[in-house]
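# requesting a structural model of the entry that follows:
(chains A and B)
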Amino acid sequence: MAKPRVSAVMKQGKLTPWLYLLPALIVMSFFIVYPMINTVALSFQNKDSTASAATTCRDTGPCWGIFENYRYALTAELDTTSLQSTWQSFWTSSYGNTLKWIAFMVSGTVILGLLIAVLVDRVKYEPLAKAIIFMPMAISFVGAGVIWKFMYSFGTGQVQIGLLNAIITGLGFDPVPFLSTVGLNTFMLIVVGVWMWTGFCMTVLSSALKSVPGELLEAARIDGASEIQVFFRIMLPIISPTVVVVITTMVINVLKLFDIVYVMTGGNFNTQVIANRMYTEMYKNFQTGRGTAIAVILILAIVPFIFMNIKRFMAQEAMR
Amino acid sequence: MKRAKVNRVLNKIPLHAITILILIIWIVPTLGLLITSFRPVSSINTSGWWTFLSAPEGDTPRFTLDNYIDSLVGYRGNHTYREDCAAGTQALDLHCNLSDLLNPRGMGRAFLNSLLVTLPAVVLPILFAAFAGYAFAWLDFKGRYLLFAILVGLQVVPLQMTLVPILRIYAKLGLNGTFLGVWLFHTGFGMPYAIYLMRNFLGSLPKDLFESAYLDGASHWTAFRKLAIPLAMPAIASLTIFQFLWVWNDLLVALVFLGGTKPVMTYQISNMVTSLGAGWQLLTAAAFLSMLLPMIIFFALQRFFVRGMLAGAVKG
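Residues are numbered from 1 along each chain as shown, chains lettered A, B, ... in the order given. Just a heads-up that it's a prediction; the model follows:
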C-alpha cells in the first residue's frame, strides 16, 4: 500500500475505521496476543506457576536454572549415556518424530498431489476424481483416525478384519501390529496424514497447472519434447512459486498436528510428536511450566514461516 | 484414421489405470467404514467387511441399523439397545423412548452439542471479519499496512500457544465448560484468516463502485451494508464452509474447554477409541454420523470450499 488506495471522496473521520476494527481487535488481542505473551512467561515457572522454574531443579543431575523447563522439554526424552544412544533416542523422541512427519508427510502430499493433479488433468472424469481425493479434507482427524485404525486392525487369531492385514496374511505372511511396532508405526500414522492432506495440495497445484499457457506446452510438444520433459522443464519451473507456498503451508500444518497421534496411539510406542507431547504434559501430567515450554519451542519453529508469510504478502501487495 | 484412434485409446490406458488405482486406494478406507457400520456386530468381528456380499451364517441379517441406534443413544452392552429394551433389561438411564436420543453418552446428544458449538462459532467471526475487512480495504487510517502485516503473521500461530492462559482466565470468569467460552475462543482464532480473506475480496471490488456511492452521498455505514456485504457473498460462503468444517471437526479446543461436560461428536468418538469401551460396530457408526454433515456440505458447496482454499489457506 505504498500508494494511497483510498481516494479523497472516501475520506472519513479519524475514529470511524477503529469502530469497524474494534470487535476484531478485541477478540484477537484477548485470544491470541495476550495468551502468547503469557505462555512465554509461564514457561519460566514451575508446574502450577507459583515459583520460578529454577526451584524445580534437583540436587542430582543437570540444571538450567530459569530455563529448567526447557532443559526438560529438550532433553528428557533423550538417553544421553553415550553419543550413539543419544542419536538413537533422538529419532524416537517427539522431535525426531516431528522431523519424520515433516520430511515424509510434506514430500508425500506434495508429490502425490502434483502427480494426481497432472493425471486428472488428462481425464474426462476430473471433477469426480478430484472430489474423491479431496473428500478426506472435509472429515475430522478423529473420523480419519477411526477409519485407519480399522484399516490397520490387527487380529491375533485366524481372522483379520483389517484390510491391510487380511492382504498380508492372504499373501502368506504373518500379520503386522502396525500401530505398536516401533519404527513402523510413525510411518503408518503419516500415511493417514497424507491421505487427508493430499487433496489440499492437489487442489492448489492443479489450479496453478491450469494457468500454465497451453501454447507453451504445445510448442514444446511439437519440438519433440516428451511428456516427462514438458513436466520437468516447463510446468514445474512455472508453478514453482506455488509449490513453495504449498510446502510452507504443509510444514506449518504438520508442526501443529495433534489429533492423529492423540486418537490413534496417544503418543505411545514411540510415536510422540511435539504438539501431542505439549498436550500430555499440560493436561495429563499437569505440568504447566513444561507444557508451555514445549509450546514456546513449537512457536519458535514456526516463527521463520510467519516471516515468510509476511514477506510473501508484502511482495503480493507491491504487485497490486 | 481408425488406427490412429485405436492407438490414442491404447496410449491412454496406463493413464486411466494409474488414476483409477489411486482413486480406489483413496476411497476404500472410507468405504470399509461405511459398510462395516451397517453390518451386525457378530459379522464385523468374524469376517472382513469386503466379504459382505457372501451369505452370513444362520439367521444373522446382512445389514442392520442397530449400530446407528446404539451409538445415537449411547448404548454399550452385550446385546443391542433394541433387544435390551424388548427384554426390559436396559441400563437405568435409558427409557426406551425418544428421550434416549438426549442421553449424555450418546451421539444424538453430541450431534446437538456440535451444532450448538458450531453455529455461533461460524457467525461471529464472519461478522467481525466483515467489519474489519471493510476497514482494511476501504478506510484510511494510520498503521493500516503494519496492522494487516501483523495479522498475516498471526494466521499461523498455533492454538497450543494460547490454551493455558485462556483456560486460567476462563476459570476465573466461570467460562470453562460453557458454550460461550468455546464460541469466543473459535471467534478469536478464526479472525486472522477471515479478515485476510474478506479484505482481499472486498479490496478487489471495483473502486468506482464505492466512489460513486460516496459521491451520491452514501455514508460508509450504508456502503458497507448495501454494497460491500451483498457483493462479498461468495467470500462469505467460502468462509462459512471453512469455519464450519474447522469448528465441527475440531478436537483440541472441545477437549480442553468442554471436555465431558458438554461432549461434542469428536470428543465422544475420541473417548470411544482411547477408552476401548466401544466395539467397532459403535465406533464405525459414530464416526460416520460425525462425517455426515461435513460430507453433505462439502459435496453441495465444494466450489466455495475450493475457492476459499485457493485464496490462501493457512489456518489453525
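# got any ranges where chain B has weak pLDDT?
Chain B contains residues with pLDDT under 70 at B:1, B:55-57, B:276-278, B:311-316.
# can you rerun that using 50?
Across chain B, residues meeting the criterion (pLDDT under 50) sit at B:313-316.
# the stretch 1-150 of chain A now?
A:1-4.
# and the residue in it that chain B sits nearest to, how many neighbours?
Taking CB to the nearest CB as the measure, the stretch 1-150 of chain A has A:F31 as its residue closest to chain B, at 2.6 Å. Just so you know, the C-beta spots here come from the backbone N, C-alpha and C atoms, and that holds for glycine as well. When neighbours are counted by other CB atoms under 10 Å in any protein chain shown, A:F31 registers 23.
# and B:D70, by the same measure?
27.
# residues contacting the nearest residue to it once chain neighbours are set aside?
Nearest residue to B:D70, sequence neighbours excluded (CB to CB, 6 or more residues apart in numbering or on different chains): B:Y81, at 4.9 Å. B:Y81 sits next to B:66, B:69-70, B:73, B:75, B:90, B:94, B:100 when contact means CB atoms under 8 Å, 6 or more residues apart in numbering or on different chains.
# rerun that using 7 Å as the cut-off
B:69-70, B:73, B:75, B:90 (CB atoms under 7 Å, 6 or more residues apart in numbering or on different chains).
# please flag which of those residues sit within helices.
Counting by DSSP state H, the part of the contacts of B:Y81 found in helices is B:69-70, B:73.
# which one of those residues is nearest A:L184?
Lowest distance from A:L184 to the ones in helices among the contacts of B:Y81 (CB to CB) belongs to B:D70, with 33.6 Å.
# quickly note the distance from that closest one to B:F111.
Going from B:D70 to B:F111 by CB to CB, to the nearest Å gives 15 Å.
# got the buried residues for stretch B:138-149?
Using 16 or more other CB atoms under 10 Å in any protein chain shown as the test for burial, stretch B:138-149 gives B:138-141, B:144, B:148-149.
# take the residues you listed and keep only those in helices.
Among these, the members falling in helices (DSSP H) are B:138, B:144, B:148-149.
# closest to A:T81 among the residues you listed?
Looking across those and measuring by CB to CB, the closest to A:T81 is B:A149, at 47.7 Å.
# quick one, what contacts the closest residue to chain A within the stretch 101-250 of chain B?
The nearest approach of the stretch 101-250 of chain B to chain A comes at B:G188, 2.6 Å away (CB to the nearest CB). With contact taken as CB under 7 Å, 6+ apart, B:G188 is in contact with A:27-28, A:30-32.
# cool, and B:R82?
So B:R82 contacts B:66, B:69 (CB under 7 Å, 6+ apart).
# rerun that using 6 Å as the cut-off
Contacts for B:R82 (CB atoms under 6 Å, 6 or more residues apart in numbering or on different chains) come out as none.
# for it, what is the enclosing helix or strand?
helix B:81-87 (DSSP states H and E).
# just B:F185 next, same as before
With DSSP H and E as the criterion, B:F185 is inside helix B:179-203.
# how far out from the middle of the chain is that helix?
16 Å (CA atoms, centre = their mean, to the nearest Å).
# thinking again about what came up before, mind listing what's buried along the helix holding B:R82?
B:81-82, B:84-85.
# out of those, who's nearest chain A?
Nearest to chain A among the buried residues of helix B:81-87, with distances taken as CB to the nearest CB, is B:Y81, at 20.5 Å.
# tell me where chain A has strands.
Secondary structure of chain A (DSSP state E): no strands present.
# separation between the spatially most central residue of it and chain B?
For chain A, the residue nearest the mean C-alpha position is A:V254 (1.0 Å; CA atoms, centre = their mean). Here A:V254 is placed at a distance of 11 Å from chain B (CB to the nearest CB, to the nearest Å).
# quick one: contacts for that residue?
A:V254 makes contact with A:101-102, A:105, according to CB under 6 Å, 6+ apart.
# quick check, pLDDT for it.
Per-residue pLDDT puts A:V254 at 93.
# and the helices in the stretch 151-300 of chain A, which stretches?
A:163-170, A:185-210, A:214-222, A:227-229, A:236-256, A:259-264, A:274-279, A:288-319 (DSSP state H, counting those that start in this stretch).
# let's have those helices in a markdown table, adding distance to B:L119.
Shown next, in a markdown table, are these (distance: least, CB to CB, whole Å):
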| stretch | distance to B:L119 |
| --- | --- |
| helix A:163-170 | 37 |
| helix A:185-210 | 25 |
| helix A:214-222 | 45 |
| helix A:227-229 | 49 |
| helix A:236-256 | 25 |
| helix A:259-264 | 22 |
| helix A:274-279 | 27 |
| helix A:288-319 | 30 |
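# count the neighbours of B:K5 for me.
9.
# oops, could you answer that again for B:L180 instead?
Counted with other CB under 10 Å, the neighbours of B:L180 add up to 12.
# likewise A:A76?
With other CB under 10 Å as criterion, A:A76 counts 12.
# so how far is A:S49 from it?
20 Å.
# where's A:T203 relative to chain B, distance?
A:T203 is 6 Å from chain B, by CB to the nearest CB.
# next up, the contacts around that residue.
Contacts of A:T203 by CB under 6 Å, 6+ apart are B:306, B:309.
# again, only using 10 Å
Neighbouring residues of A:T203 by CB atoms under 10 Å, 6 or more residues apart in numbering or on different chains: A:113, A:116-117, A:130, A:133-134, A:137, A:246, B:302, B:305-306, B:309-310, B:313.
# mind picking the two most distant members of the residues you listed?
Comparing every pair within those by CB to CB identifies A:V246 and B:Q302 as the most remote, at 19.3 Å.
# quick one, which of those two is more surrounded?
A:V246 (24 against 18).
# quick check: B:D250 touching B:V117?
Yes: using CB atoms under 10 Å, B:D250 is in contact with B:V117, at 8.6 Å.
# so these two - more neighbours on which side?
B:D250 (27 against 24).
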